[in-house]
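Undergrad: my questions concern the predicted model and sequence given below.
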Amino acid sequence: MNARQDNGCAGPAEGYNFAYLDERTKRMIRRALLKAVAIPGHQVPFGSREMPLAYGWGTGGIQVTAAIIGADDTLKVIDQGSDDTTNAVNIRQFFARTTGIATTTRTRDATVIQTRHRIPETPLADYQILVYQVPQPEPLYKLEARRAETLKLHAAEDYALMNVKLYEDIAHWNHVETTYDYPVRVDGRYVMSPSPIPSFDNPKMHRMPALQLFGAGREKRLYAIPPYTDVVSLDFEDHPFRVESQGHACTLCGSRESYLDEVIDERGVRIWTCSDSDWCDDRRSVAGTTT
Amino acid sequence: MYIAVKGGERAIEASRALLAAARRGDTGVASLTVPQLREQLGLLVDRVMAEASLYDPDLAALAIKQACGDPIEAAFLLRAYRTTLPRFGYSMPIDTDAMQVRRRVSAIFKDLPGGQVLGPTFDYTQRLLDFGLMRGDEPAPTITPAVLDHAHPLPNALAELAAEGLVEPCVPRAGDPDPPDMTRDPPTYPLPRPGWLQMLARADEGWVLGMGYSTQRGYAYTHPFGGDIRFGSVAIEVLPDELDFPVEIGDIEVTECQMVNQFTGSAAVPPQFTRGYGLVFGHGERKAMAMSLVDRALRSPEFDEGDDSPAQRQEFVLPQGDSVEASGFVQHLKLPHYVTFESELQLIRKLRAEVAQRAAAMAFEERETPAVVAQELA
């Protein structure tokens, strides 16, 4: 019963093409995506369009979704792991209005999932495409702001800046001081930003059966990870990358293996709940407990 | 138990309704019409058209109304609409020397062919609030704008100097490639001059003003003189595939500034003044002048002037100057970030716990060590 048509505030958008973008623009984006898939982790410049949603609010992901979505697809949109966060609602309504296709909150039922800041807990399958919204596609930008220079560093596979940064973190803090947007190396070649997902989610990218597409609208770059591709979080032999447990269980479903949000309720009590709302709902309905 | 993750859809609906109410304001006051905005807030309409890079005064006025008067939001609305328009082709270059001038001033000559044409400007007003306007006490216009003269265009103030070779020429060089379309092609730095001029023309006016001003305060000083600043209408011509002559399809109003700058010379070229160029849709002298200062600063590699100042660095001046991009990304910090924030919380708690552990271990050592030593001595 979760598949539904939600047409949002003003009904179907008249006078616009299917999925808003014109077909030539979609083709331009699909060409860039094909190149991105052919060179995993490499940032491909594309003629990013000005979308009716603000830059920084998912315009890259929206353009990718618009370019690949078809009438038979079922779309799920999440932000912070949840279908009900305001921006996810807005983007889902946007596609419902401009395509009329079915939308869902169930991870398993979706053929295209657009996400911001999370990878769903339910393992994805090869019939699915995960579209990431990316604020900053250049993993080196905090170390070298000039994109004309980072382009050369990637071309020369020169990631010394990044290695020194990670080394200095460990020397200073005994930990890498990066907890989200933790850089990965794709297919043994390009260092890539996984977008600001928590490093908890990084291992899910490794050899994922689903195609992973990344769209950065403001920065006008696309990149991709083809299915079953090696994705390794950067580390050192004596300081291997690891995901550490948050040390809590979900108050609602009891999950200990999912990523948890920390919430302070109205009584001032700190509780933890699954960030992935579909995962949490699923576990609760299986357990027969409802709230 | 209450957890604030549900109910997003209803809250969004309510927020949209509240925005509509805020836009309308007091319903006891008459609602503004789009033609009123177009005719009476012309400079705002021009700014929105410039930053949206879409010349359509009616739609710009509509965007201003819809955006409650916020120029960046209005430019955003107009740009999002512009994206959906089919691109039929590119017009011929406009000829600003043939402009039907409503205003033209030059600061480098007391008098010049065509004269100084003051036109409509705030420049000679005394900035005293006119309380008569508040009472609706608006006298009828006492002057009708002069009939624009097609036959006698004003020659550019720099033309004579350029003919003498004192100012660098301003014509495309042989083999000059077609300019990129910055609204379609992703920028690759360094950009050619037509690319950065496009980005400056649609950049945020405040940003360009500040960047231009920085060059006057010592960050990449370029010795500017206001060579020719003009505002008026120019014809837009297209060259259809099936014809071998251009066809005029309409007029637009633009403001152009040609700055005369610091001279250079080399073994091959005797010393001559250089130029900075600014052009915006509508009447926008502040923006056009600031743009010409920044343009000249960005040409620093051409004249071997270094890149020590912000205004000389393309990758600093250009991407950060886009008001719609900057506004979106700055304000995206309003979006939920609780997943990434939680991951930071975890790390900082762990680091603090480790610091506390180390401190406790050190305190323990300090306390225990003398006893151990004493024991060993005994």
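TA: Arrived safely, thanks for sending.

Undergrad: rest of the way, CA atoms for contacts and neighbours
TA: OK.

Undergrad: what residues does the stretch 151-300 of chain B put near chain A?
TA: For the stretch 151-300 of chain B, the residues in contact with chain A (CA under 8 Å from any CA of the partner chain) are B:Thr183, B:Arg184, B:Asp185, B:Pro186, B:Thr188, B:Tyr189, B:Pro190.

Undergrad: report pLDDT for B:Thr369.
TA: Reported pLDDT at B:Thr369 in the predicted model: 63.

Undergrad: next: B:Asp176.
TA: 85.

Undergrad: that one and B:Pro192: what is the separation?
TA: B:Asp176 is 10 Å from B:Pro192, where distance means CA to CA, to the nearest Å.

Undergrad: could you do A:Val232 as well?
TA: Distance, A:Val232 to B:Pro192, using CA to CA: 38 Å.

Undergrad: more neighbours: which of the two?
TA: A:Val232 (20 against 14; other CA atoms under 10 Å in any protein chain shown).

Undergrad: avg pLDDT for the top strand by length along chain B?
TA: Counting residues, the longest strand in chain B under DSSP state E turns out to be strand B:247-264. Taken as a whole, strand B:247-264 carries a mean pLDDT of 93.

Undergrad: buried residues in that strand?
TA: Neighbour counts using 16 or more other CA atoms under 10 Å in any protein chain shown place B:Glu253, B:Val254, B:Thr255, B:Glu256, B:Cys257, B:Gln258, B:Met259, B:Val260, B:Asn261, B:Gln262, B:Phe263 of strand B:247-264 among the buried residues.

Undergrad: quick one: which two of those are the most distant?
TA: B:Glu253 and B:Phe263 (31.2 Å; CA to CA).

Undergrad: what about B:Leu161, how many neighbours?
TA: Neighbourhood size, B:Leu161 [other CA under 10 Å]: 15.

Undergrad: so for the residue most central in space within chain B, what's the pLDDT?
TA: Geometric centre of chain B, nearest residue: B:Ala203, 2.2 Å, by CA atoms, centre = their mean. What the model reports as pLDDT for B:Ala203 is 98.

Undergrad: just the one 4 residues further on next, same as before
TA: The confidence metric pLDDT takes the value 98 at B:Trp207.

Undergrad: mind jotting down where the helices sit in the stretch 201-350 of chain B?
TA: For the stretch 201-350 of chain B, the helices defined by DSSP state H, counting those that start in this stretch occupy B:205-216, B:285-298, B:314-317, B:323-331, B:338-377.

Undergrad: tell me the mean pLDDT for the third one?
TA: Confidence over helix B:314-317, taken as the mean pLDDT, stands at 96.

Undergrad: how far off centre is it?
TA: 13 Å (CA atoms, centre = their mean, to the nearest Å).

Undergrad: same deal with the first one?
TA: If you compare the mean C-alpha spot of helix B:205-216 with that of the full chain, they lie 10 Å apart, counting by CA atoms, centre = their mean.

Undergrad: need the CA coordinates for that helix. CSV is fine.
TA: C-alpha atoms of helix B:205-216 as CSV (Å, rounded to 0.1, in the frame of the first residue of the first chain):
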residue,chain,number,x,y,z
GLU,B,205,25.6,42.8,-8.8
GLY,B,206,26.8,43.2,-5.3
TRP,B,207,29.6,40.7,-5.8
VAL,B,208,30.9,42.3,-9.0
LEU,B,209,30.6,45.7,-7.4
GLY,B,210,32.8,44.5,-4.4
MET,B,211,35.3,42.8,-6.7
GLY,B,212,35.6,45.9,-8.9
TYR,B,213,35.9,48.1,-5.9
SER,B,214,38.7,45.9,-4.5
THR,B,215,40.8,46.8,-7.6
GLN,B,216,40.4,50.5,-6.8
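
Undergrad: return the backbone torsion pair for the residue nearest to A:Thr229 when sequence neighbours are not counted.
TA: Leaving aside its sequence neighbours, A:Thr229 sits nearest to A:Arg207 (CA to CA, 6 or more residues apart in numbering or on different chains; 4.6 Å). Main-chain torsions, A:Arg207, degrees, to the nearest 10: phi 50, psi 40.

Undergrad: so for A:Arg207, what's the pLDDT?
TA: The per-residue pLDDT reported for A:Arg207 equals 98.

Undergrad: tell me which helix or strand in chain B has the weakest average pLDDT.
TA: Each helix and strand of chain B was given a mean pLDDT (mean pLDDT, DSSP states H and E); the minimum falls on helix B:338-377 at a mean of 82.

Undergrad: what packs against that helix?
TA: If you count contacts as 3 or more CA pairs under 8 Å, 6 or more residues apart in numbering or on different chains; DSSP states H and E, helix B:338-377 packs onto strand A:260-264.

Undergrad: number of nearby residues for the residue nearest to B:Gln331 when sequence neighbours are not counted?
TA: Closest residue to B:Gln331 apart from its sequence neighbours, by CA to CA, 6+ apart: A:Gly56 at 7.9 Å. The local packing of A:Gly56 (other CA under 10 Å) involves 25 other residues.

Undergrad: for A:Gly56, give me its contacts.
TA: Residues counted as contacts of A:Gly56 (CA atoms under 8 Å, 6 or more residues apart in numbering or on different chains) are A:Pro135, A:Gly217, A:Arg218, B:Glu325, B:Gly328, B:Phe329, B:Val330, B:Gln331, B:His332.

Undergrad: can you put the residues you listed in JSON lines and add distance to B:Ser15?
TA: Listed next are these as JSON lines, based on distance: CA to CA, whole Å:
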{"residue": "A:Pro135", "distance to B:Ser15": "25"}
{"residue": "A:Gly217", "distance to B:Ser15": "26"}
{"residue": "A:Arg218", "distance to B:Ser15": "26"}
{"residue": "B:Glu325", "distance to B:Ser15": "23"}
{"residue": "B:Gly328", "distance to B:Ser15": "19"}
{"residue": "B:Phe329", "distance to B:Ser15": "21"}
{"residue": "B:Val330", "distance to B:Ser15": "21"}
{"residue": "B:Gln331", "distance to B:Ser15": "17"}
{"residue": "B:His332", "distance to B:Ser15": "17"}
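
Undergrad: B:Gly282: which of these is nearest?
TA: Using CA to CA, B:Glu325 comes nearest to B:Gly282 of the contacts of A:Gly56, at 22.3 Å.

Undergrad: do I have it right that the closest one meets A:Arg218?
TA: Yes: using CA atoms under 8 Å, B:Glu325 is in contact with A:Arg218, at 6.2 Å.

Undergrad: so what sits against both of the two?
TA: Contacts common to B:Glu325 and A:Arg218, judged by CA under 8 Å, 6+ apart, are A:Tyr55, A:Gly56.

Undergrad: comparing the two, which residue is more hemmed in?
TA: Neighbours per residue, other CA under 10 Å: of B:Glu325 and A:Arg218, the larger number sits with A:Arg218, 27 against 21.

Undergrad: does the nearest residue to the more buried one once chain neighbours are set aside count as helix, strand or coil?
TA: Distances taken as CA to CA, 6+ apart place A:Tyr55 nearest to A:Arg218, at 5.7 Å, with adjacent residues excluded. State at A:Tyr55, reduced to three classes by DSSP: H, G, I helix; E, B strand; the rest coil: coil.

Undergrad: got the contact list for A:Tyr55?
TA: By CA under 8 Å, 6+ apart, the contact set of A:Tyr55 is A:Gly217, A:Arg218, B:Val324, B:Glu325, B:Ala326, B:Ser327, B:Gly328, B:Phe329, B:His332.
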